[in-house]
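>>> I'll drop the sequence and a predicted model, then ask my questions.
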There are 2 protein chains.
Amino acid sequence: MGRGKIEIKRIENVNNRVVTFSKRRNGLVKKAKEITVLCDAKVALIVFASNGKMTDYCCPSMDLGAMLDQYQKLSGKKLWDAKHENLSNEIDKIKKENDSLQLELRHLKGEDIQSLNLKNLVAVEHAVEHGLDKVRDHQAQQNLQE
Amino acid sequence: MGRGKIEIKRIENVNNRVVTFSKRRNGLVKKAKEITVLCDAKVALIVFASNGKMTDYCCPSMDLGAMLDQYQKLSGKKLWDAKHENLSNEIDKIKKENDSLQLELRHLKGEDIQSLNLKNLVAVEHAVEHGLDKVRDHQAQQNLQE
DNA sequence: TGTACTATATATAATCT
DNA sequence: TAGATTATATATAGTAC
């Protein structure tokens, strides 16, 4: 695209390489913006120069985080790997624990017991009776103290 | 760059828009690959068509995860750090819920009640009595049915 | 969808400040 | 380094298949 044709391979001359990088990076970002506007596309672009300097572009209609979420869904690749997954798993685990606690609690309050069979029902009854005894004992003690 | 000059604004004709998208997306990826090779650059590119279909490119020398780590460092913007934080917060919230459920449960079983004052104790007693009544009712019904 | 065909519009390589 | 110039290489709009 210039005065001479170039092969697509690493430009050995450092100065040319840096100048070409700068021009082409600008060109790339421009094209990214154009396709975004022309075609209603969502584009995210991150470029690192060989010296580490970064340039990025993200379409205005979706932020990078959302783009990456979508990327993970569609590609099946995991970006925030193990850590994220571990946390999600922990949440699931605690939620289940939570659910079973809630159910047990309802049973002790005499709710949702229609699903219990007789044996379980008896167990619940004993638990409640036992609890009641303890509560009454303690209450009696407190009354004495006052 | 073609038979006619076009303004950079949304192409209204759907067919043209889709065709242009397809061509320009290919062009964009090509440019991304070229700058990668020519200039030793690292490039990551994600494109979503308006229909949701995704195309992506990442330079061979660094994977997307590493690019994004670097992006976070250099830009100071948080991508998944924020998500981690959200998940951690959720875990904390559910754990607290869990703890209070556990405590309530122990109270109904007559445990850990030394920390309760008389008023609370009475409330617990009523809850347990009420539960016991319900459990007994239900048990009686089940006995009749057999 | 993709691919092929061109006439044009753009991008950019080489060069110089 | 960052612009300006300009000849040339590429990309692509419009079109048809």
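Nice, I can see it.

>>> Domain boundaries for chain A, per the record?
A:14-79, A:83-144 (the TED database).

>>> can you give me the helices for chain A?
A:14-39, A:64-75, A:81-108, A:118-145 (DSSP state H).

>>> Quick check: which of those helices is nearest to chain B?
Distances from chain B to each of those were compared using Cβ to the nearest Cβ; the shortest belongs to helix A:118-145, at 2.6 Å. Any C-beta I mention is one placed from the backbone N, CA and C, and that applies to glycine too.

>>> Those residues of chain A touching DNA strand D, which are they?
Remark: the part of chain A in contact with DNA strand D comprises A:1-6, A:15, A:18-19, A:22, A:31, A:51, using Cβ under 7 Å from any atom of the strand.

>>> Mind doing that once more with 6 Å?
Selection of chain A residues close to DNA strand D by Cβ under 6 Å from any atom of the strand yields A:1-5, A:18, A:22, A:31.

>>> Can you tell me the centre-most residue of chain A?
In chain A, the C-alpha closest to the average C-alpha coordinate belongs to A:His84, at a distance of 6.2 Å (Cα atoms, centre = their mean).

>>> Of all the helices of chain A, which one comes closest to B:Ala66?
Closest to B:Ala66 of the helices of chain A is helix A:81-108 (Cβ to Cβ; 11.8 Å).

>>> Centre of the chain to that closest one, how far?
16 Å (Cα atoms, centre = their mean, to the nearest Å).

>>> tell me which strands and helices it is in contact with?
The contact analysis (3 or more Cβ pairs under 8 Å, 6 or more residues apart in numbering or on different chains; DSSP states H and E) places helix A:81-108 against helix A:118-145, helix B:80-108.

>>> weakest of those helices by average pLDDT?
Considering the helices and strands packed on helix A:81-108 one by one, the lowest average pLDDT is found for helix A:118-145, at a mean of 86.

>>> And chain B, is that one touching that?
Yes. Contact between helix A:118-145 and chain B is present through A:118, A:121-122, A:124-125, A:127-136, A:138-139, A:142-143 (criterion: Cβ under 8 Å from any Cβ of the partner chain).
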